[in-house]
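K.L.:
sequence-free structure coming up:
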């Protein structure tokens, strides 16, 4: 696939793109950041923080800024799934899973990450505990059925759902979150199934944490309730609908018009300062729905680039930099594929540099809004994001066939793009 980067754009004068938003709503360091999801278990043969630490310089060199660490607390034994269990079946919030090392190992990892300029956020599971957590001994802390049995959700048979009507449980949950920020020194949280937990808890907890950690960063795994979750508790939400639209376009089930409709719906339903997390894969998608190569085929590079062009923050999952081509086992040890000749690693470095160098691509509300450039070909996605003195234009062929398009830049231009080719000016 061909691509073109960073053509100087003296040629674009799309004045309507140059709209700025006022004040800031997020930590200053977050606006040009890219986030990386660390699957500690599968990154290295050892599957430990000590081994993962050796990868930090490589991640920094690739232009990554935030490391989201999947849950690292001990996993329950009762109804455990697989041999090693799910990251998300936590038995003790304030301990380190010995599978990954010790508290000292995590603190050393965190210190090295901070030394290199990373921010580190921890995946926080507030919706449920493992059924053998000591919390289940406290009356009223979990939902129970008419027979007094702990209750699960969906097919998550290795968890027990917490009852947020109980203030004592809420207090203890906040206390544990404080422990990670006050004693360990993390920089925020990615909150698992955030929409399943009452928003008033998040508002209370995050508000309390920000009294002493005003620069903390928070990510909600939710889109349906994104508008209320990002009102005060969360900086960023999951762009699930965008992700599914990209998959569908790659598979010939959706069109460029569907993409524009998705962006318009987001603009009209979610507050403008909320940051959407843009991604082509994550731990759920990879393990349960297939790798990005299975779902997107030859369109992987194009949709990777789109995650950087659209408003929001791009996310990279463990294995994307090394070209992992298989679905990672979730409850077992399953090392990522690592190909030192994999060309796409360079692509992420280029895209991260592009984002860092161009304020127009920053996250809301510092970045520029996206403006559609009319194109005479239904397979072409063309857009502009521009601030005074900084303009980025993308022209993308969202089809598996060569396409020719005439678009109006400073003057009328005709471009021919190969299947899934894109150009960024």
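P.N.:
Received the coordinates, thanks. Keep in mind that what you see is a predicted model, and the values were worked out from it rather than measured. Numbers count the residues shown, from 1 in each chain.

K.L.:
and the host helix or strand of residue 68, what's its mean pLDDT?
P.N.:
In this assignment (DSSP states H and E), residue 68 forms part of strand 66-69. Taken as a whole, strand 66-69 has an average pLDDT of 98.

K.L.:
go on, stretch 243-258?
P.N.:
98.

K.L.:
ends of it, how far apart?
P.N.:
12 Å (C-alpha to C-alpha, to the nearest Å).

K.L.:
contacts for the strand holding residue 68, please.
P.N.:
30, 33-38, 40, 59, 113, 118-123, 187, 190, 217, 219, 315 (C-beta atoms under 8 Å, 6 or more residues apart in numbering). In this view, the C-beta of every residue, glycine as well, is placed from N, C-alpha and C.

K.L.:
buried stuff in stretch 79-95?
P.N.:
By 16 or more other C-beta atoms under 10 Å, the buried positions in stretch 79-95 come out as 79-81, 84-93.

K.L.:
for those, which one is nearest residue 227?
P.N.:
Comparing these against residue 227 with C-beta to C-beta places residue 88 closest, at 25.1 Å.

K.L.:
which residue sits closest to the closest one, ignoring its sequence neighbours?
P.N.:
Leaving aside its chain neighbours, residue 88 sits nearest to residue 125 (5.2 Å; criterion: C-beta to C-beta, 6 or more residues apart in numbering).

K.L.:
model confidence for that neighbour, exactly?
P.N.:
Note on residue 125: pLDDT of 98.

K.L.:
that one and residue 191, how far apart?
P.N.:
8 Å (C-beta to C-beta, to the nearest Å).

K.L.:
strands of the stretch 201-350 of the chain, start to end?
P.N.:
217-220, 236-238, 275-278, 313-317 (DSSP state E, counting those that start in this stretch).

K.L.:
how about the helices in the chain?
P.N.:
40-43, 49-53, 56-61, 103-115, 167-178, 199-212, 226-229, 240-250, 256-269, 283-284, 292-296, 300-309, 344-357 (DSSP state H).

K.L.:
related to what we said a few turns ago, CSV for the buried residues of stretch 79-95, including distance to residue 361?
P.N.:
Listed next are the buried residues of stretch 79-95 as CSV, based on distance: C-beta to C-beta, whole Å:
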residue, distance to residue 361
79, 45
80, 43
81, 40
84, 39
85, 39
86, 35
87, 32
88, 32
89, 38
90, 36
91, 42
92, 41
93, 37
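
K.L.:
list just the nearest of those residues to residue 238.
P.N.:
Nearest member of the buried residues of stretch 79-95 to residue 238, counting by C-beta to C-beta, is residue 88, at 15.4 Å.

K.L.:
I'd guessed the closest one sits against residue 192; true?
P.N.:
Yes: between residue 88 and residue 192 there is a contact at 6.0 Å, judged by C-beta atoms under 8 Å.

K.L.:
intersection of neighbour lists for these two?
P.N.:
When contacts are counted by C-beta under 8 Å, 6+ apart, residue 88 and residue 192 have 71, 123, 125 as shared neighbours.

K.L.:
distance from the chain centre to stretch 235-246, please.
P.N.:
Averaging C-alpha positions (C-alpha atoms, centre = their mean, to the nearest Å) puts stretch 235-246 9 Å from its chain's average.

K.L.:
show me the contact partners of it.
P.N.:
25-27, 30, 217-223, 226, 229-230, 254, 258-259, 262-263, 265-266, 270, 274-280, 285, 296, 299, 303, 306, 310, 312-313.

K.L.:
would you show me how to pick out the buried ones of the residues you listed in PyMOL?
P.N.:
Buried subset of these, written as a PyMOL selection, criterion 16+ other C-beta under 10 Å:
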select buried, resi 25+26+27+30+217+218+219+220+221+222+223+226+229+230+254+259+262+263+266+270+274+275+276+277+278+279+280+285+296+299+303+306+310+312+313
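
K.L.:
residue contacts, the residue lying closest to residue 272 once chain neighbours are set aside?
P.N.:
Counting by C-beta to C-beta, 6+ apart, residue 272 lies nearest to residue 364, which is 5.8 Å off, once chain neighbours are set aside. Contacts here follow C-beta under 8 Å, 6+ apart; on that basis residue 364 touches 21, 272-275, 311-312.

K.L.:
pLDDT score assigned to residue 364?
P.N.:
At residue 364, pLDDT is 92.

K.L.:
so it versus residue 270, what's the distance?
P.N.:
10 Å.

K.L.:
OK, contacts around the residue nearest to residue 88?
P.N.:
71, 88, 90, 192.

K.L.:
any idea which of those residues is closest to residue 155?
P.N.:
For those, the closest approach to residue 155 (C-beta to C-beta) belongs to residue 88, at 12.8 Å.

K.L.:
can you count the residues close to residue 54?
P.N.:
Using other C-beta atoms under 10 Å, residue 54 is surrounded by 12 other residues.

K.L.:
repeat that for the one 5 residues further on.
P.N.:
The tally of other residues near residue 59 (other C-beta under 10 Å) stands at 20.

K.L.:
which ones are touching the nearest residue to residue 54 once chain neighbours are set aside?
P.N.:
Spatial nearest neighbour of residue 54, excluding adjacent residues (C-beta to C-beta, 6+ apart): residue 44 at 7.8 Å. Taking C-beta under 8 Å, 6+ apart, we find residue 44 in contact with 51-52, 54-55, 335.
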